[in-house]
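Novice: turn this into a model:
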Amino acid sequence: MTGKKLKVHVTGMGSQGIGSTTRVLATAAKLAGLTVMTMETHGLAQRGGVVVSDLAIGYDPTESPQCAVGEADVIIALEALESLRSMPKLRKDGIIVVNTTMYQPLSVRHSKGEIKYPTLKEIEAELKRVTSTIILVTAQEDAQKLGLSQTMNMILIGALTANTEILPITKEQIVESMKTILPSKFVDINLQAFEKGLSYKL
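Specialist: I've put the predicted structure just below:
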């Protein structure tokens with residue numbers, strides 16, 4: 001698998017674990033002997049603002065890791081609407097993994113129906129215009145059942161791993177990465193979350 005190129009765009013809201021999602025994949029790629037570059041952009045993270053992170057695996061270190069329009073092979077969206085906003089970055093027939101939980105902003109919740117927020121079916125229909133490989137995951141609900149909502153990103157990584165051959169890293173390398181970078185007291189529950197994600201099949 002050495003030499004495989006892959007660009008991943010991770011998107012979501014502040015405190016959802018975008019950074020740790022990228023770090024787990026990046027560390028696994030390093031364990032596979034691949035070059036890794038990352039770029040993270042923070043919005044108003046403390047207020048639930050958008051946070052995005054780009055990851056380039058197997059690229060020349062002089063190149064930018066940023067996913068331009070049509071460059072992302074994979075999008076991991078920790079919030080459903082953010083998958084729609086990031087859709088232009090996905091290459092044709094790329095792969096998108098979506099946490100189905102909807103986080104309506106205050107402006108929508110207080111508008112008494114005047115501001116329209118798309119349904120999950122509407123979001124999925126839009127995504128299908130770009131790709132047929134859409135992995136919908138009830139990651140937030142699953143993580144809460146495990147007892148730690150912050151593990152939903154590992155559920156999404158597991159779902160991606162279970163449904164695609166595109167990753168130039170193995171399940172074992174991802175597990176080793178998690179053991180390497182996560183605080184020891186949270187490793188077991190994150191491994192459980194990863195295993196839960198592996199149970200999702202298209």
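Novice: the bottom helix or strand of the protein by mean pLDDT?
Specialist: helix 106-109 (a mean of 50; mean pLDDT, DSSP states H and E).
Novice: pull the CA atoms of the helix or strand that that one is followed by into PDB?
Specialist: Remark: after helix 106-109, the chain's next helix or strand is helix 120-127, criterion DSSP states H and E. C-alpha atoms of helix 120-127 as PDB (Å, rounded to 0.1, in the frame of the first residue of the first chain):
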ATOM      1  CA  LEU A 120     -31.400  14.300   6.400                       C
ATOM      2  CA  LYS A 121     -33.200  12.900   3.300                       C
ATOM      3  CA  GLU A 122     -32.700  16.200   1.600                       C
ATOM      4  CA  ILE A 123     -29.000  16.200   2.500                       C
ATOM      5  CA  GLU A 124     -28.500  12.700   1.300                       C
ATOM      6  CA  ALA A 125     -30.300  13.500  -2.000                       C
ATOM      7  CA  GLU A 126     -27.800  16.300  -2.600                       C
ATOM      8  CA  LEU A 127     -24.800  14.200  -1.700                       C
END
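Novice: off-centre distance for helix 120-127?
Specialist: 17 Å (C-alpha atoms, centre = their mean, to the nearest Å).
Novice: stretch 178-188 now?
Specialist: 19 Å.
Novice: end-to-end on stretch 130-150?
Specialist: Using C-alpha to C-alpha, to the nearest Å, one end of stretch 130-150 lies 29 Å from the other.
Novice: which element is T27 on?
Specialist: helix 18-31.
Novice: oh sorry, the question was meant for M39
Specialist: M39 belongs to strand 36-42, assigned by DSSP H and E.
Novice: which other helices and strands contact that strand?
Specialist: helix 18-31, strand 50-57 (3 or more C-beta pairs under 8 Å, 6 or more residues apart in numbering; DSSP states H and E). No exception for glycine: its C-beta is placed from N, CA and C like everyone else's.
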